[in-house]
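A.B. asks: Could you work out the structure for the sequence below:
(chains A and B)
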Amino acid sequence: MQTLISLLEERLRTAVSYAGEIEPRVTGTADPRFGDYQTNVAMLLAKQQRANPRQIATQIIERLDVSGICETPEIAGAGFINFRINTAFLNRRFNELCHDEMLGVSRAKPKKIVLDFSGPNIAKPMHVGHIRSTIIGDTLARVARFLGHEVIADNHLGDWGTQFGKVIYGWKNWRDEAALAARPVEELVRLYKKANALSEQDETVLRACRDELVKLQGGDAENIAIWRQCVELSWHEFEQMYALLDVHFDKHLGESSYNDRLAPLVAKLESTGIAEQSEGATCVFFRDDSALADKPCLIRKTDGGFLYATTDLATIEYRIERWNPDEIWYVVGAPQALHFEQVFGVARKMGVTAQLRFIPFGSILGEDRKLMKTRSGDNVQLRELLEEAQQRARAVVEQKNAALSDEEKNEIATVIGIGAVKYADLSQARMTDYVFSWDKMLSLQGNTAPYLQNAFVRIRSIFRKIETGSWEAGKEDGALAEPSEISLAKKLMQFGETVPLVLDDFRPNILANYLYELANTFHGFYEACPVLKADEPMRSTRLALCDLTARVLERGLSLLGIRAPEKM
RNA sequence: GCGUCCGUAGCUCAACUGGAUAGAGCGUUGGCCUCCGAAGCCAAAGGUUGUGGGUUCGACCCCCGCCGGACGCACCA
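C.D. replies: Model prediction:
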């Protein structure tokens, strides 16, 4: 289904073709007084031609055919052309929308996309710092799929690093089987910390840890077996977090999957002259790029070891060979900007043509406004956050809806609590840093997920009250009349305009903002217009509005990875 | 030192990428449940968008200079 914006742009394109090359753009208006949609194309043309914008606007309107869509367009301000949708068209459009499975969203030209996100480290707990990549990545996957793209969601786990020397040393000397069974990651962290602390005091422990690492890297059977258990135990615990968050992956190919490709890759880069020796290390220089001229990408250390960038390059090579995607998206924190600039630069030198897109996000800061460090153990853990969220939601459910069974209350508390946490993150612009705050992440009032869920619940409650058969979706032929009916219908039509914008610049928050506005408009309608007590055909029209609102809310929330409960 | 990102109401954040009188939530103040779920609705107060210039019909947004902050700049990931 074509959006109103693209319909208006199409008509405008024909109307302005006389004036030369220009792509007219239509946007929603800032204020209903200016109608529903506007274009600034007359002002842009006027600038090109050094002419009077209002005169140009008049000429455009003379050539513009939007009859049957809007009232006569008006010229306002410095030369805006304002459009007001006419009621007959709105009614027809609303009816079509009620029957559209895609709820007004048109599918995009399908692409194959590898989406790299989350990527927690094995043997370390997931903390609040991991939540952004996980949630933003999952939302982008959901939106991309809804628009018709093929997405391969790949969790690039940090399962191969120097920390394993210490973990293995600890494992061999102090592991507690019971603790390992109950809270595996916690136990692995304990072992790591103990080994770390001791090796700072005792040279022999430090050396022993290094030996374990060398043995692991050399393929020692015992150490490989221990490492594999660490991976499995950690992954098992991560899976619980992902299940709770309702986040899913198609692949979880960790860094270790690429070990065998590192040496051949470096050899290839050297033999093709892309990489060279410098100060004993192997690196790739970007001499033709002034910004990167003094920032080579290191791919092999003086001691022969490989680096982060080497693994990432091998990963790109693998993904291209295996899937030949059109694009690869990386949802990774903004501090890694330089790293990815370098890696992408090397990839291009290697002849990679797939679009490589770095999708950075702002950091979560501690109370001191400093970055929450992954290394310092005193971060708020993800498990803690999600448990607290459920508890707070549970307390509110208890107070609002005491009659429900315990099972229902718990189920609702999960949907509400987790939804609130996800929405708190997704409703924010991607690049802004934010200070972690329990109250903010766990707020259940105002611009939050429960606000949207509540609108949905109100609607479901209405439908529980009508007899089956007394209303059927799609049978209505009433007319939108009340102002709050009309503004709700108009808002519903914007869903199709909003969803594709999310992928334009990878901004889930514009979908979140839209859903908030939709819920807000619905609440306004709900206060102003009785539904069940209205006379026919008004009742049917209002039921249709409710039904469509519920479907858009449910779909929109599901694109954000948030569930819509029947009751709360 | 160089580079990247950022600075908006008391607090936390938006602003459809250059559009019209900069909007929400929290908090504060006042009003609305004998009516479909009050996790809601309505209203009030709150701003020189860090700062000084520039570009233009028009700037929170683009350019330059300051001030303040976070992060990154060769062998961690």
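
A.B. asks: quick check, stretch A:79-97 touching RNA strand B?
C.D. replies: Yes: shown here: stretch A:79-97 in contact with RNA strand B (CB under 7 Å from any atom of the strand) through A:G79, A:F80, A:N82. Glycine gets a C-beta too; all of them are placed from N, C-alpha and C.

A.B. asks: Same question for stretch A:31-41.
C.D. replies: Yes: if you take CB under 7 Å from any atom of the strand as the test, stretch A:31-41 does meet RNA strand B, through A:D31, A:R33, A:F34, A:Q38, A:N40.

A.B. asks: What segments of the stretch 1-150 of chain A are helices?
C.D. replies: A:4-16, A:41-49, A:53-63, A:87-98, A:131-146 (DSSP state H, counting those that start in this stretch).

A.B. asks: Show me which residues of the stretch 201-350 of chain A are close to RNA strand B?
C.D. replies: Neighbours of RNA strand B within the stretch 201-350 of chain A, by CB under 7 Å from any atom of the strand: A:255, A:278-281, A:283, A:291, A:294-296, A:298, A:301-303, A:305-308, A:311, A:334-339.

A.B. asks: quick revisit: buried deepest among the helices of the stretch 1-150 of chain A, which one?
C.D. replies: Ranked by average neighbour count under the criterion mean count of other CB atoms under 10 Å, these are headed by helix A:131-146 at a mean of 23.

A.B. asks: Quick check: mean pLDDT of it?
C.D. replies: Regarding helix A:131-146, the rounded mean pLDDT is 96.

A.B. asks: Now do it: distance to the chain's middle.
C.D. replies: Mean-position distance between helix A:131-146 and its chain equals 3 Å (CA atoms, centre = their mean, to the nearest Å).

A.B. asks: Show me what counts as buried in stretch A:320-327.
C.D. replies: A:I320, A:W323, A:P325, A:D326 (16 or more other CB atoms under 10 Å).

A.B. asks: Repeat that for stretch A:536-554.
C.D. replies: Residues A:538-554 are the ones in stretch A:536-554 that count as buried (16+ other CB under 10 Å).

A.B. asks: Need the residue closest to the centroid of chain A.
C.D. replies: Geometric centre of chain A, nearest residue: A:I136, 2.7 Å, by CA atoms, centre = their mean.

A.B. asks: Tell me if I'm right that that residue and A:F117 touch.
C.D. replies: Yes: the pair A:I136 / A:F117 is scored as a contact, 7.1 Å apart, by CB atoms under 8 Å.

A.B. asks: got any residues that touch both of these two?
C.D. replies: Common contacts of A:I136 and A:F117 (CB atoms under 8 Å, 6 or more residues apart in numbering): A:V331.

A.B. asks: Need the per-residue pLDDT for A:Y37.
C.D. replies: With respect to pLDDT, A:Y37 scores 96.

A.B. asks: ok, now A:K373?
C.D. replies: A:K373 is assigned a pLDDT of 57 by the prediction.

A.B. asks: What of A:F80?
C.D. replies: pLDDT for A:F80: 95.

A.B. asks: quick one: it and A:Q38 touch, right?
C.D. replies: Yes: A:F80 is within contact range of A:Q38, at 5.0 Å (criterion: CB under 8 Å).
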